[in-house]
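Undergrad: 3D, please:
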Amino acid sequence: MFDDALILKDGSVALDENDVAAILLTINSDGNYAVDISKTSNAGLYAVMICPSAPTTYADTLTATIQHSHHFTDGWENVAAFPVLKALVRYVEVTATTAFLSSDIGLVLTATTDSASDGGIILDFDKALLTVGGKGTMLVQMSDANDDYSTAGDIVTATAGTGVGTITAAGVLTKQRSYGMYVVRFATERQYVRSQTTVSAGGSWGLTEIYLTNSPPKVYQF
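TA: Numbering: from 1, shown residues only. A predicted model of the protein is given here:
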């Protein structure tokens with residue numbers, strides 16, 4: 001549980017592209033508050049964001065920051081940022097037949113059998129895939145519902161990149177870098193704090209909550 005006086009977003013309204021940041025201590029129509037903290041200690045505070053459900057629109061992103069200011073109406077600046085969340089993310093198990101490189105991140109992962117449909121963006125992969133024969137997982141942002149990487153044995157290639165591999169198990173949806181609970185820590189000497197969220201497309205991240213605490217949850221995503 002958390003202190004009601006430290007709530008920045010109360011989860012009463014689904015988080016979408018129309019979200020408006022708070023400029024008052026009282027709640028606005030999107031469930032957002034500004035909080036008067038005077039200032040933090042040197043140890044700072046933790047900000048916790050809980051996105052309880054999978055986002056609704058493929059290729060969407062959620063950028064969420066904590067902002068601070070001496071004033072309600074002006075002077076808001078970012079003091080901390082959560083990881084940018086993606087919609088939707090697939091977890092794919094791969095064996096490298098040609099080593100992947102870090103420069104393959106951000107490229108399209110094309111499958112041979114499903115080349116017309118599997119075309120998500122590589123977000124990250126295990127270091128094992130930097131070596132031929134290495135077995136590891138990849139995180140791939142789906143561009144549409146067809147990017148499921150569902151065919152075990154299919155060949156996948158980092159298009160215009162280097163890595164090539166074989167899918168060893170059908171891809172599955174994952175919370176990683178997509179939704180769930182995330183925590184950042186910050187310190188400030190400014191009086192007011194609020195959250196600022198930007199959803200890139202027309203989707204929703206559900207009844208998202210953001211709050212401040214001295215004691216972060218024991219289980220969370222970085």
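Undergrad: how is this protein divided into domains?
TA: 4-86+178-213, 89-173 (automatic domain parsing).
Undergrad: in a markdown table: those, plus mean pLDDT.
TA: Formatted as a markdown table, the entries for the domains of the chain read as follows, by pLDDT from 0 to 100:
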| stretch | mean pLDDT |
| --- | --- |
| domain 4-86+178-213 | 94 |
| domain 89-173 | 94 |
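Undergrad: redo those domains as JSON lines? Include mean neighbour count.
TA: Every C-beta, even on glycine, is put in place using the N, C-alpha and C of the backbone. Putting those into JSON lines (neighbours: other C-beta atoms under 10 Å) gives the following:
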{"stretch": "domain 4-86+178-213", "mean neighbour count": "18"}
{"stretch": "domain 89-173", "mean neighbour count": "18"}
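Undergrad: any chance you could list what contacts the helix or strand containing residue 109?
TA: Per DSSP states H and E: residue 109 is located in strand 108-111. Applying C-beta atoms under 8 Å, 6 or more residues apart in numbering, the external contacts of strand 108-111 come out as 92, 117-122, 138, 140, 149, 151, 154-160, 167.
Undergrad: what's the separation between the most centrally placed residue in the chain and residue 39?
TA: Nearest to the mean C-alpha position of the chain, counting by C-alpha atoms, centre = their mean, stands residue 85 at 1.8 Å. For residue 85, the distance to residue 39 (C-beta to C-beta, to the nearest Å) stands at 29 Å.
Undergrad: and the gap between residue 85 and residue 105?
TA: Remark: distance between residue 85 and residue 105 (C-beta to C-beta) = 17 Å.
Undergrad: who does the closest residue to residue 112 other than its chain neighbours bridge with?
TA: Leaving aside its chain neighbours, residue 112 sits nearest to residue 155 (4.1 Å; criterion: C-beta to C-beta, 6 or more residues apart in numbering). Using DSSP bridges, the beta-bridge partners of residue 155 come out as residue 166.
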